[in-house]
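1. with the input below, show me the fold.
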Amino acid sequence: MSEIKNVGEKIGSIRQQKSITIEELAERCAFTTAMMAKIEENEAIPSLGHLIKVARALGVRLGTFLDDMDQLGPVVTRKGDLKKGTSFSNKSSSSRLNLDFFPLASDKSGRHMEPFIVEINPSSVSDFTQSSHEGEEFIYVLSGNIEIKYGKDIYTLSEGESIYYDSVVDHHVHAADDSPAKILAVVYAPF
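-> The predicted structure follows:
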């Protein structure tokens, strides 16, 4: 939860540094002031689409909210060093409960891609809320089976298979059966 907390704190800090009121930021993002306040106070977990809007409104890159340190050189993540991080999903907070995100490059400054290991647990929900945002995504299945609802199409992928898609199309990733799955996901969000 500390990683998620840092996102709201960073948004508030950057907003204040740029002398932007919370009302102005909310208006720029087409959010209500109440929603913007909940994001900054860590009472609401922002979706990737929301974070992209906030980044654009503040004039920063998406990775700014996720950076832990300013590592200019390569960032190496060793086996066993994964730390749970921010959850990116759609606007429905209940749909994020089955996804655990482990960032692989949060120490890399200036990055344009967000690589994650994502553990996907089975869900009793069958009517998933799709989301969309600017950018592209690449997913490689490390174990288990996943289902990707992409627009009106459904793709089922197994271990060793991958998909690359435009994120502007409504999409949702979830376990394809009653077993957990693990994926490598790389999200690119243009600034």
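2. for this protein, what helix or strand is lowest in average pLDDT?
-> Least confident helix or strand of the chain, by mean pLDDT, DSSP states H and E, is helix 2-17 with a mean of 77.
3. that one: which residues count as buried?
-> 3, 4, 6, 7, 8, 10, 11, 12, 14, 15 (16 or more other CB atoms under 10 Å). Where C-beta positions appear, they are placed from N, C-alpha and C, glycine not excepted.
4. which one of those residues sits closest to residue 31?
-> Distances from residue 31 to those, taken as CB to CB, are shortest for residue 11 (11.4 Å).
5. now the closest one: how far from residue 22?
-> Going from residue 11 to residue 22 by CB to CB, to the nearest Å gives 10 Å.
6. what touches both of those two?
-> Here residue 11 and residue 22 share the contacting residues residue 40, scored by CB atoms under 8 Å, 6 or more residues apart in numbering.
7. care to break this structure down by domain?
-> Structural domains assigned to the chain are 2-65, 93-188, following automatic domain parsing.
8. can you redo the ones you listed as TSV with distance to residue 80?
-> TSV is the format used below for those (distance: least, CB to CB, whole Å):
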stretch	distance to residue 80
domain 2-65	18
domain 93-188	11
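9. sorry, back to before: next, the angle from the helix or strand following the least confident helix or strand of the chain to helix 2-17.
-> Next along the chain after helix 2-17, taking DSSP states H and E as the criterion, comes helix 22-29. Inter-element angle recorded for helix 22-29 and helix 2-17: 100 degrees (by axes from the mean of the first three to the mean of the last three CA atoms, to 10 degrees).
10. could you pull out the helices for the chain?
-> 2-17, 22-29, 33-40, 48-58 (DSSP state H).
11. TSV please, covering those helices and showing distance to residue 157.
-> Formatted as TSV, those follow (distance: least, CB to CB, whole Å):
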stretch	distance to residue 157
helix 2-17	27
helix 22-29	33
helix 33-40	32
helix 48-58	20
